[in-house]
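**Q** Below is the sequence, then the predicted model.
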Amino acid sequence: MQGNSEALRGLLSAAAVRERAHEMLELAMEGRVDGWRVDLSRLGAAAELTAEVTRQSYPDLDIPFHARWRHFLAGEPQLPPQDDSAKRGRAAFDLVILSVLLDAGAGPTWRYQDEGSGMTFSRSEGLAVASQRMFEAGAFSADPSSPLRADGAALAELRPETLAAGFEVEENNPLLGLDGRAALLRRLGGQVLARPDLFASADAPRPGGLYDVLVARSLGGRLPASAILELLLEALGPIWADRLVIDGIPLGDCWRHPAIRRGDASDGLVPLHKLSQWLAYSLIEPLQDAGVEVVQIDGLTGLAEYRNGGLLVDLGILQLTDPDAAARTHHVSDPLIVAWRSMTVALLDRLAPLVRELLGVSDEGFPLARMLEGGTWAAGRRIARERRADGGPPFTIISDGTVF
C-alpha cells in the first residue's frame with residue numbers, strides 16, 4: 001500500500017532519527033521505557049568533561065568534523081591532483097566509503113604495521129590506515145593503470161584472502177569478522193553494478209559515483225547535510241545483511257521497540273542510522289574541497305554508538321533499573337539496547353548547548369559534528385578506561401560490526 005511505503009520511507013532520514021529519539025527520552029523520563037531511568041541533573045557533569053577533553057585536544061578550538069579522515073595516516077591519503085576536482089572527489093568518496101564499511105571491531109590483539117611510516121596501529125585507526133594503504137596500492141581498482149579508485153566489478157569479486165593480505169592477518173594476528181567484511185564489500189560491489197543511475201552517471205560503476213549525484217543535487221553550490229544521508233540510505237540500503245526489510249524497503253539501522261507507537265506501518269520502529277550518518281559526516285569534506293558548500297550540518301544527528309552512549313551511562317545520566325542487566329550479554333536488537341542508543345541521540349542534542357556555553361562558541365560554529373570529535377567520543381573513551389580494565393562499552397553486545 002502507498003501509505004505503508006510512505007511511512008516506512010519516512011524512517012530513512014535524520015529527522016526521523018531525531019524525532020523518535022526525543023520521544024523515547026521523554027517516555028523514559030516518565031518511567032515508560034522498560035529498563036531505564038533518566039537523571040538529567042548529571043548532564044552538566046558530561047558537559048564539563050566534554051569541554052575539558054575538547055580544550056585539551058584542540059586548545060584553539062579549531063575542531064574538525066567527526067569523520068573517517070581523522071583516522072587516516074596524517075589525515076592525508078594519496079588522491080588524484082586538485083586540478084581535477086571531479087576525479088579527486090570520486091576517489092575520496094571511494095576511499096572513505098570503503099574504509100567506513102570496513103571499520104567493524106578489529107578485536108583486542110590485531111595490529112597493523114605500516115611500512116611507509118614505520119608505525120603500528122590498532123583498532124579503528126589501524127583499520128583506517130590498512131584500508132588507506134590498500135586503496136593507494138590499487139587493491140580495489142579494476143584498472144591497473146588507475147589505482148586510486150574502487151570499481152564495482154572488482155569489489156563484487158573481492159576475496160577474503162585479499163583483505164587478509166592487505167590487513168596483515170595471520171594466525172598470530174587475527175582480525176575479527178574477516179569473511180564478513182569481504183562479504184559486505186562484495187554486496188557493495190553488486191549494488192554499485194545494479195544501480196548505474198546512482199553509481200555510474202559520469203564514470204564506470206564505483207562507490208565514488210555518489211559524488212556526481214550529490215554535486216548535481218546541490219542548488220547554487222549549496223547542499224544540506226541531510227541530503228547526503230538520504231542518498232546513502234537509498235544507495236546502500238540493500239547491502240546490509242540481517243536487517244529489517246518491510247514491503248521491499250530495506251530499513252538499515254532501524255529496530256523495534258514497543259514504546260514507540262504509531263498508527264501506520266512504522267509502528268514500533270526506531271531508526272538510528274549510525275554508520276550511515278558517520279559516513280555522511282565523512283563525505284562533507286570532499287564535497288567542500290570541490291566547492292560545494294554543505295549547509296545545515298545539524299540536520300544530521302549525534303551518533304548512537306557506544307562511546308557517546310557509554311559516556312551517558314558511566315556518568316549516571318542513563319541508569320539501568322536492573323543493575324544486573326549490565327552483566328548480561330545483549331543483542332543489538334534488544335529493546336534495552338535500542339532505547340539506549342535512541343536516547344543517546346536525544347541527549348547529545350541536550351548536551352550540545354551546555355558544551356557550547358562552556359566553550360564560548362556559537363551553534364553555527366560548533367555543530368554536533370565538532371562536539372562529537374572534540375568531544376563526546378573522546379570523553380566516552382576516557383571514562384570507559386577509568387571504569388573498565390578493557391576500556392570497552394558498558395554492555396557486552398552481540399553485533400555484526402556495522403552498528404557500533
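**A** Structure received.
**Q** Report the contact partners of Pro80.
**A** Lys87, Arg88, Ala91, Leu148 (C-beta atoms under 8 Å, 6 or more residues apart in numbering). (Each C-beta comes from the backbone N, C-alpha and C, glycine too.)
**Q** By neighbours, which of those wins?
**A** Counting neighbours by other C-beta atoms under 10 Å, the top entry in the contacts of Pro80 is Ala91, with 25 neighbours.
**Q** and that residue, helix, strand or coil?
**A** Classification of Ala91 into helix, strand or coil gives helix, according to DSSP: H, G, I helix; E, B strand; the rest coil.
**Q** circling back to that earlier point, any chance of the contacts of Pro80 in a markdown table, with secondary structure too?
**A** Converted to a markdown table, these look like this (three-state DSSP):
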| residue | secondary structure |
| --- | --- |
| Lys87 | helix |
| Arg88 | helix |
| Ala91 | helix |
| Leu148 | coil |
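**Q** Take those residues and lay them out in TSV including distance to His71 and pLDDT.
**A** Below are those laid out as TSV (distance: C-beta to C-beta, whole Å; pLDDT from 0 to 100):
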residue	distance to His71	pLDDT
Lys87	23	96
Arg88	20	96
Ala91	17	97
Leu148	19	97
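**Q** And those, which is closest to Leu73?
**A** Leu148 (15.4 Å; C-beta to C-beta).
**Q** ok, the closest one to Ala139 distance?
**A** Using C-beta to C-beta, to the nearest Å, one gets 11 Å for the distance from Leu148 to Ala139.
**Q** Show me what secondary structure element comes after the lengthiest helix in the chain.
**A** Counting by DSSP state H, the longest helix found in the chain is helix 335-359. Downstream of helix 335-359, the next assigned helix or strand under DSSP states H and E is helix 368-371.
**Q** so what secondary structure elements neighbour that following helix?
**A** Other helices and strands packing on helix 368-371, by 3 or more C-beta pairs under 8 Å, 6 or more residues apart in numbering; DSSP states H and E, are helix 335-359.
**Q** Show me what counts as buried in the helix it packs on.
**A** 335-349, 351-352, 354-356, 358-359 (16 or more other C-beta atoms under 10 Å).
**Q** Not including adjacent chain positions, what is the nearest residue to Arg387?
**A** Sequence neighbours aside, Asp314 is the residue nearest to Arg387 in space, at 5.4 Å (criterion: C-beta to C-beta, 6 or more residues apart in numbering).
**Q** I figured that neighbour hits Pro394, correct?
**A** Yes - between Asp314 and Pro394 there is a contact under C-beta atoms under 8 Å: 6.2 Å.
**Q** intersection of neighbour lists for the two?
**A** Applying C-beta under 8 Å, 6+ apart, one finds that Asp314 and Pro394 are jointly contacted by Ala384, Arg387.
**Q** Would you mind confirming that Leu312 is in contact with Leu49?
**A** No - if you go by C-beta under 8 Å, Leu312 and Leu49 don't touch, sitting 11.2 Å apart.
**Q** The two - which one has more neighbours?
**A** For the pair Leu312 and Leu49, the greater number of neighbours falls to Leu312 (24 against 20), based on other C-beta under 10 Å.
**Q** low-confidence ranges in the chain?
**A** Counting by pLDDT under 70, the low-confidence segments of the chain come to 1-2, 74-75.
**Q** And the helices in the stretch 201-350 of the chain?
**A** Read by DSSP state H, counting those that start in this stretch, the stretch 201-350 of the chain holds these helices, from start to end of the chain: 209-217, 225-236, 274-289, 306-314, 335-359.
**Q** Pipe the ones you listed into TSV and attach distance to Ser41 per row.
**A** Listed next are the helices of the stretch 201-350 of the chain as TSV, based on distance: least, C-beta to C-beta, whole Å:
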stretch	distance to Ser41
helix 209-217	42
helix 225-236	32
helix 274-289	27
helix 306-314	13
helix 335-359	12
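**Q** Looking at those, spot the one closest to Leu185.
**A** Leu185 lies closest to helix 225-236 among the helices of the stretch 201-350 of the chain, at 11.8 Å (C-beta to C-beta).
**Q** and that closest one, what does it pack onto?
**A** When contacts are defined as 3+ C-beta pairs under 8 Å, 6+ apart, helix 225-236 packs onto helix 14-29, helix 178-194, helix 196-199, helix 209-217, helix 274-289, strand 293-295.
**Q** For Gly107, which of these is the nearest?
**A** Ranking the helices and strands packed on helix 225-236 by distance to Gly107, with C-beta to C-beta as the measure, places helix 178-194 first at 10.2 Å.
**Q** what's that closest one in contact with?
**A** Contact partners of helix 178-194, identified using C-beta under 8 Å, 6+ apart, comprise 97-98, 101-102, 104, 151-160, 162-164, 167, 169, 199-200, 205-207, 209, 235-236, 238-239, 241, 400-402.
**Q** orientation of it relative to helix 225-236 in degrees?
**A** Between the axis of helix 178-194 and that of helix 225-236 there is an angle of 100 degrees, by axes from the mean of the first three to the mean of the last three C-alpha atoms, to 10 degrees.
**Q** show me what contacts the closest residue to Ala204 other than its chain neighbours?
**A** Spatial nearest neighbour of Ala204, chain neighbours left out: Asp151 (6.1 Å); criterion: C-beta to C-beta, 6+ apart. For Asp151, the contact set (C-beta under 8 Å, 6+ apart) comprises Phe140, Ser141, Ala142, Asp143, Gly189, Ala204, Pro205, Arg206.
**Q** Make TSV from those residues and add distance to Tyr112 to it.
**A** Putting the contacts of Asp151 into TSV (distance: C-beta to C-beta, whole Å) gives the following:
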residue	distance to Tyr112
Phe140	17
Ser141	21
Ala142	25
Asp143	26
Gly189	23
Ala204	30
Pro205	29
Arg206	25
